[in-house]
Structures are given as structure tokens and as C-alpha cells.
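Novice: let me see the structure of the following:
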Amino acid sequence: MKTPIVKKILTLLGLVMVVVHLSAQTDSSGRKQMSDELMKNSYIFEGKVISIHRYTHKINEEEYKIYTSYIVEVKKVVKGNIQRGTINILIPDVHISDGQIIMPKEGLYFCYTDSPVKDSSVTNTNSKSLEYYCGESMEKGELKKDSDDNLINYFSSIADFYAYISANYGVTIK
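Specialist: Numbers count the residues shown, from 1 in each chain. Take a look at the predicted model:
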């Protein structure tokens with residue numbers, strides 16, 4: 001026969017186990033959902049910004065669009081038909097009220113496609129300009145917690161993320 005205190009302890013222990021189990025499921029589903037979204041990108045690579053400038057693309061005689069043009073040194077290729085070396089990433093300038101896109105100075109970059117615009121004022125060893133989707137800040141080869149970063153909430157390290165996408169998406173890091 002269980003005493004009332006033992007019943008309360010067992011009930012409390014049971015509740016803790018349920019909460020821990022549900023929390024683990026949520027983290028697991030969040031991890032998968034985030035990875036699924038990121039893996040939709042055509043290009044994923046580690047690198048470091050080595051130069052930044054404004055680039056004006058003339059659309060016609062009266063119209064033009066301004067971009068911020070980044071040259072990034074590609075250190076590791078996670079996904080996409082690119083090599084180590086340099087690559088150009090173009091981000092259209094937007095009004096501050098629209099929300100400014102901030103690209104990490106060093107990190108993991110996700111680009112969804114080749115840019116229809118090519119910055120003709122720069123050369124890069126990959127001979128491509130890419131459209132930026134998002135990025136994760138890194139420092140000394142490891143994920144860094146910044147306000148715009150999400151991977152660190154689901155993966156303890158960049159190696160943990162690479163192991164996960166290798167196991168679940170067949171990715172080989174070059």
C-alpha cells in the first residue's frame with residue numbers, strides 16, 4: 001500500500017517524464033523542420049566575407065536597382081555546384097522599413113539560386129553570383145549565437161549539424 005507522499009512523488013515524477021518526452025519530440029521535430037527548410041537551398045557553404053560594395057544594375061534607360069555585393073571566400077562546400085575559392089552574393093538593397101537583410105561576416109551561407117543579375121565589376125573563382133537566403137554566424141569554425149541565428153537552438157555545434165544532414169540528406173561536406 002502506497003502512502004500519500006509516495007503517490008505524490010510518483011505522480012510528480014510521471015509528469016516530469018511526460019514533459020521531458022514532449023520537449024524532446026518538439027526539439028526533434030523543430031530540428032527536422034529547420035533542416036528541411038534549409039536543405040531546399042541550392043547552395044550551402046562555409047565562408048568569410050572578404051569585400052563588400054554597392055552595385056547598381058541598370059534595368060533600362062530609366063530604371064536601375066541597387067544591390068549590396070559581397071565577395072565571399074568559400075572554405076567548405078556543403079551543397080551545390082561550387083568549389084572552394086571565391087563567390088559573389090548579391091542582396092537587393094531595401095528600405096529600412098522593409099527590414100534590412102544582415103549577412104554574417106563569417107559563417108554558413110544558404111543561397112537558393114543563381115542570381116539573374118551578375119556583378120560585372122568583380123571577378124570570383126566560381127564565376128557565379130548567387131541570391132542570398134539566410135546565414136548562420138560562425139567564429140573560429142564554430143556556430144556563434146547571434147540574434148538572427150537559429151541553428152544553435154537545435155544543434156550544439158557545426159559538426160552536429162553536418163552529422164545530421166549527412167545522415168538524413170546524404171550530404172557530403174567538401
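Novice: what's the neighbour count on I52?
Specialist: Close neighbours of I52, defined as other CB atoms under 10 Å, add up to 14. For glycine as for every other residue, the C-beta is placed from the backbone atoms N, C-alpha and C.
Novice: nope, L130 is what I meant
Specialist: Neighbour tally, L130, other CB under 10 Å: 27.
Novice: how about the helices in the chain?
Specialist: 4-38, 158-169 (DSSP state H).
Novice: least confident of those helices, on average?
Specialist: Looking over these, mean pLDDT reaches its minimum on helix 4-38, with a mean of 57.
Novice: what bridges to the residue positioned nearest the centre of the chain?
Specialist: Centroid-nearest residue in the chain, with CA atoms, centre = their mean: G135, separated by 3.7 Å. Note on G135: beta-bridge partners by DSSP bridges are Y109.
Novice: isn't it up against F110?
Specialist: Yes. If you go by CB atoms under 8 Å, G135 and F110 touch, sitting 6.5 Å apart.
Novice: spit out the contact partners of I165.
Specialist: 35, 39, 78, 171 (CB atoms under 8 Å, 6 or more residues apart in numbering).
Novice: now, the residues you listed that are in strands?
Specialist: V78 (DSSP state E).
Novice: top of the contacts of I165 by number of neighbours, please.
Specialist: V78 (23 neighbours).
Novice: where's it relative to E106, distance?
Specialist: 15 Å (CB to CB, to the nearest Å).
Novice: now do G141
Specialist: Distance from G141 to E106, by CB to CB: 9 Å.
Novice: still on that earlier bit, among the contacts of I165, which two are most distant?
Specialist: With distances taken as CB to CB, the most widely separated pair in the contacts of I165 is S35 and V78, at 11.8 Å.
Novice: where does the protein have low pLDDT?
Specialist: The chain contains residues with pLDDT under 70 at 1-27, 95-100, 147-149.
Novice: what sits against P92?
Specialist: 65-67.
Novice: same thing with E62?
Specialist: No contacts exist for E62 under CB under 8 Å, 6+ apart.
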